[in-house]
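Enquirer: fold the stuff below for me.
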Amino acid sequence: MRRYPLGQQVYTTLITQGQDAAAELARDAGQLDLFNRVRSVACEEPIPSFLHSALCAMSLPVRRPVDDHAPIIRQDGQYTLVITPKAVVQSRDGQQVLHTLGVPYGSLPRLILIHIMTEAVRTKSRHIVLGSSFTDWMRRMGFRTISYGPRGSATLIRQQLDRLLACEWMIRWDGDSENGTKEFGVKEIKLTNEYVGSDSKGGSFQREIYLSEDFFTHLSKHAVPLNEHAISQLRESATALDLYTWLAYRLPRINPKRPALLSWQQLASHFGNDGTNIRKFRQTVRDAWERQVSAVYPEARAEFDGIVIRLHASPAPLQHTAIGRPKLTLVSPTIEMADDKSTPDANVPERFFAAITAVVGAADAKAFFRNTQLVCEDGVWRLKAPSRFIADWITGHFSVALDRARQSVELKHTPEVVVAAR
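Expert: Modelled structure (predicted):
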């Protein structure tokens, strides 16, 4: 019998038996903080955050590398990510000198990247305003206690921001053409090519960032949705953030008919671990899954066994309704479609969703059209989404797919995307 991780056990107890029983289960396991983690996500409507798919699949260093001036190279199947630190001009003793800051590492640059990319997707602009001051920006990222000094939170995040903005990013993908010849593409994508404003004499804080046009365009097509509440609960652990974002990227794309199998060596490669101490790596990941990630991503179906890792098709992290709301359900693996018998053709919804799936692919169909309904009301076809976020995402990203599906089922007008009444 499959054993569910402790985080999912507490979540299930919370929705079936209530807070007291869930808190007791966590307390008996010696993990009362786990109950607080579960409750903070389960009792709040998801708030969308985003991260580029390449950074979900391939991680930054967890700790400072021995040589932190060497490029980071990560591989995931046919994709390769290279992050190269570049020299920047800094003022030292009244002189302008070139200095290489090194690569970003730890949980802080992960939080910075998620914040920057979320703002870019949310505003649909490559111009990112971090805040009126460094303190204001940190509070917007969720920091409640802001300390200064050599090891203060403000100093550390400022250092990681500088490292991150000084790097250049390259994404490479390789594949086979129809005639069997090897093809490859190299895309030089710099995260940012302009930043202005400063908060100190050294000018180390930039209040405004302009993402490069290429990176912004690529991000718009390859942003992976995350839950802001989950990110907040995992903010102290780089490994937990990596595992959460990796699962958010991988699970919705898995074939529902069969699980994906990975070795621990393969996972170590994804996370940038050299695999020299695979036993310690395995224990660290399993602990992050058991006590942290499963608590904030309860829909995730994964098994981190001693020999092999099994990943099962799962809904995206944003697809749950907060506890206490009338529509709280455990999400089913199929797209829910209306069968309006009053319409001229009761098969229109089924054929419409089949056409959507053919255009966007099974993964995106499951991730964004799950629990949507196509209904005809007063002669007008409407696509009813379960939340405002899903409705806005469908409208903003799948307009072409909606129009092609409309043509496929011969509707006169593209269905209006609305939020289903609760």
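Enquirer: with just CA atoms, put the biggest helix by length in the chain into CSV.
Expert: The single longest helix within the chain, with elements called by DSSP state H, is helix 107-123. Output of helix 107-123 as CSV, limited to C-alpha atoms (Å, rounded to 0.1, in the frame of the first residue of the first chain):
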residue,chain,number,x,y,z
SER,A,107,17.3,30.5,-1.4
LEU,A,108,17.5,34.3,-1.7
PRO,A,109,18.2,34.5,-5.5
ARG,A,110,15.4,32.0,-6.1
LEU,A,111,13.0,34.3,-4.2
ILE,A,112,14.3,37.3,-6.2
LEU,A,113,13.9,35.5,-9.5
ILE,A,114,10.3,34.4,-8.7
HIS,A,115,9.5,38.0,-7.6
ILE,A,116,10.9,39.6,-10.7
MET,A,117,9.3,37.1,-13.1
THR,A,118,6.0,37.3,-11.3
GLU,A,119,5.9,41.0,-11.7
ALA,A,120,6.8,40.7,-15.4
VAL,A,121,4.0,38.2,-16.1
ARG,A,122,1.5,40.0,-14.0
THR,A,123,2.1,43.5,-15.5
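Enquirer: run through who's touching that helix.
Expert: 48-52, 55, 60, 104, 126, 128-129, 140-141, 156-157, 160-161, 163-164, 209, 211, 216, 219-220, 223, 226, 228, 231, 235-238, 241-242, 245 (C-beta atoms under 8 Å, 6 or more residues apart in numbering). No exception for glycine: its C-beta is placed from N, CA and C like everyone else's.
Enquirer: work out the gap between the next helix-or-strand element following that helix and the centre of the chain.
Expert: Next helix or strand after helix 107-123 toward the C-terminus (DSSP states H and E): strand 127-129. Here strand 127-129 is found 20 Å from its chain centre; the criterion is C-alpha atoms, centre = their mean, to the nearest Å.
Enquirer: for the longest helix of the chain, the averaged confidence score.
Expert: Taken as a whole, helix 107-123 has a mean pLDDT of 92.
Enquirer: inside strands: which ones of the contacts of helix 107-123?
Expert: Counting by DSSP state E, the part of these found in strands is 48-52, 128-129, 209, 211, 223, 226.
Enquirer: mind giving me the domain split of the protein?
Expert: Using automatic domain parsing, the domain parsing of the chain gives 6-43+237-312, 51-225, 348-419.
Enquirer: now the ones you listed in JSON lines, with distance to residue 319 and mean neighbour count?
Expert: Compiled in JSON lines, these are given as follows (distance: least, C-beta to C-beta, whole Å; neighbours: other C-beta atoms under 10 Å):
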{"stretch": "domain 6-43+237-312", "distance to residue 319": "7", "mean neighbour count": "19"}
{"stretch": "domain 51-225", "distance to residue 319": "9", "mean neighbour count": "16"}
{"stretch": "domain 348-419", "distance to residue 319": "6", "mean neighbour count": "18"}
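Enquirer: how about those domains in CSV, adding distance to residue 318?
Expert: Below are these laid out as CSV (distance: least, C-beta to C-beta, whole Å):
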stretch, distance to residue 318
domain 6-43+237-312, 9
domain 51-225, 5
domain 348-419, 6
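Enquirer: which of those domains has the lowest average pLDDT?
Expert: Note on the domains of the chain: lowest mean pLDDT is at domain 51-225, with a mean of 78.
Enquirer: picking that back up, in the ones in strands among the contacts of helix 107-123, find the pair that's most separated.
Expert: 129 and 226 (21.1 Å; C-beta to C-beta).
Enquirer: list the contacts for residue 143?
Expert: 153, 157.
Enquirer: apart from its neighbours in sequence, what residue is nearest residue 382?
Expert: residue 416 (4.9 Å; C-beta to C-beta, 6 or more residues apart in numbering).
Enquirer: got phi/psi on the one you found?
Expert: Reported as degrees, to the nearest 10, the phi and psi values for residue 416 are phi -80, psi 130.
Enquirer: ok, it touching residue 384?
Expert: No. Applying C-beta atoms under 8 Å, one finds residue 416 not in contact with residue 384, separated by 9.4 Å.
Enquirer: just to revisit the earlier point, run the angle between the longest helix of the chain and strand 48-52 for me.
Expert: 110 degrees (axes from the mean of the first three to the mean of the last three C-alpha atoms, to 10 degrees).
Enquirer: next, the angle strand 223-227 makes with helix 107-123.
Expert: Using the same axes, to 10 degrees, helix 107-123 lies at 110 degrees relative to strand 223-227.
Enquirer: how far is helix 107-123 from where the chain is centred?
Expert: On C-alpha atoms, centre = their mean, the centre of helix 107-123 falls 10 Å from that of its chain.
Enquirer: and if you look at stretch 366-373?
Expert: With C-alpha atoms, centre = their mean, you get 18 Å for stretch 366-373.
Enquirer: what's the first-to-last distance across it?
Expert: End-to-end span of stretch 366-373 (C-alpha to C-alpha, to the nearest Å): 13 Å.
Enquirer: excluding chain neighbours, give the residue nearest to residue 100 in space.
Expert: Nearest to residue 100 is residue 87, by C-beta to C-beta, 6+ apart, at 4.8 Å.
Enquirer: cool, residue 106 as well?
Expert: Using C-beta to C-beta, 6+ apart, the closest residue to residue 106 is residue 238 (5.4 Å).
Enquirer: I figured the one you found hits residue 62, correct?
Expert: Yes. Under the criterion of C-beta under 8 Å, residue 238 makes contact with residue 62 at 4.5 Å.
Enquirer: any idea how far residue 278 is from residue 231?
Expert: 28 Å (C-beta to C-beta, to the nearest Å).
Enquirer: what sits closest to residue 34 if chain neighbours are left out?
Expert: Residue 34's closest residue in space is residue 26 (C-beta to C-beta, 6+ apart), at 4.8 Å.
Enquirer: give me the contact list for the host helix or strand of residue 283.
Expert: Per DSSP H and E: residue 283 is located in helix 278-288. Contact with helix 278-288 is made by 237, 239-240, 243, 264-265, 267-268, 271, 273, 275, 304, 306, as judged by C-beta under 8 Å, 6+ apart.
Enquirer: what sits against residue 27?
Expert: Going by C-beta under 8 Å, 6+ apart, residue 27 touches residue 35.
Enquirer: that one: which element?
Expert: helix 19-28.
Enquirer: do the same with residue 403
Expert: helix 399-409.
Enquirer: now that helix, how far from the chain's geometric center?
Expert: 28 Å.
Enquirer: who are the packing partners of that helix?
Expert: Applying 3 or more C-beta pairs under 8 Å, 6 or more residues apart in numbering; DSSP states H and E, one finds that helix 399-409 contacts helix 348-360.
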